[in-house]
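Novice: Here's a sequence, model it:
(chains A and B)
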Amino acid sequence: NAGVTQTPKFQVLKTGQSMTLQCAQDMNHEYMSWYRQDPGMGLRLIHYSVGAGITDQGEVPNGYNVSRSTTEDFPLRLLSAAPSQTSVYFCASSETGRNTGELFFGEGSRLTVL
Amino acid sequence: TQLLEQSPQFLSIQEGENLTVYCNSSSVFSSLQWYRQEPGEGPVLLVTVVTGGEVKKLKRLTFQFGDARKDSSLHITAAQPGDTGLYLCAGAPQGGSEKLVFGKGTKLTVNP
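Specialist: Below is the predicted model:
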């Protein structure tokens, strides 16, 4: 059972570089989301999607783009990396868009921006 | 913005002790979830509580949702080293928003 798969697990970038964090789920979940986790800050929602072709902003969307062309994939793009984007990023999916559903998380992608 | 305050932020205890972790808010939530996260992994759902006053038990873990649906607690009996991890509460705001609100977490260490 693959569940939610994130790549890469680790990445080091220089300020100004761009990159894409990949997220794929094989559970046919409609809802997918991206969080960042920083010490003392908990999990903060970046972007989310309630289905293919639909995306919306979360709490901290600036500096990030997303798209949802298929049900399975929800990539997160960093347009011009900044040291403030150093964090651990988690992709999560849920069977429905209702916020009472269980979130299934990937193992995380640790990003360092120098 | 609806906030969930978790306390304590850190907790270090000896194996066999009991502990309680709290999750409080001034806002009402339609449901509340508890997750556990181990180092290097993503959070995993432990339980969802949806009714005010509800109590759920999962082996040595007891979860309670406050009568007013503004707070929740997690009680662990006879803690074991395998309980070590970050415990996160997450609330679903009333009104049907898709966005769960997460607390900042309680980092629990159970020493053998």
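Novice: what element comes up after the helix or strand of chain B with the lowest mean pLDDT heading to the C-terminus?
Specialist: Taking mean pLDDT, DSSP states H and E as the measure, chain B has strand B:101-102 as its least confident helix or strand, at a mean of 90. Going down the chain from strand B:101-102, the next helix or strand is strand B:106-111, by DSSP states H and E.
Novice: ok now that next one, how far from the chain's centre?
Specialist: Distance of strand B:106-111 from its chain centroid, counting by CA atoms, centre = their mean, to the nearest Å, is 13 Å.
Novice: One more: stretch A:3-16?
Specialist: With CA atoms, centre = their mean, you get 10 Å for stretch A:3-16.
Novice: Any buried residues in that stretch, and which?
Specialist: A:4, A:6, A:11, A:13 (16 or more other CB atoms under 10 Å in any protein chain shown). Placement of C-beta: from N, CA and C, glycine included.
Novice: For the host helix or strand of the third one, list the C-alpha coordinates in PDB.
Specialist: When elements are assigned from DSSP H and E, residue A:11 belongs to strand A:10-13. Taking C-alpha atoms only, strand A:10-13 is exported to PDB below (Å, rounded to 0.1, in the frame of the first residue of the first chain):
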ATOM      1  CA  PHE A  10      15.500  15.900   1.100                       C
ATOM      2  CA  GLN A  11      16.500  19.000  -1.000                       C
ATOM      3  CA  VAL A  12      18.900  21.800  -0.700                       C
ATOM      4  CA  LEU A  13      18.400  24.900  -2.800                       C
END
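Novice: Near chain A, which residues of chain B? Just list them.
Specialist: Selection of chain B residues close to chain A by CB under 8 Å from any CB of the partner chain yields B:9, B:30-31, B:33, B:35, B:40-45, B:48, B:50, B:88, B:90, B:92-93, B:96-100, B:102-105.
Novice: which of those are buried?
Specialist: For those, buried by 16+ other CB under 10 Å: B:30-31, B:33, B:35, B:42-43, B:45, B:48, B:88, B:90, B:92-93, B:98-100, B:102-105.
Novice: No more questions from me, cheers.
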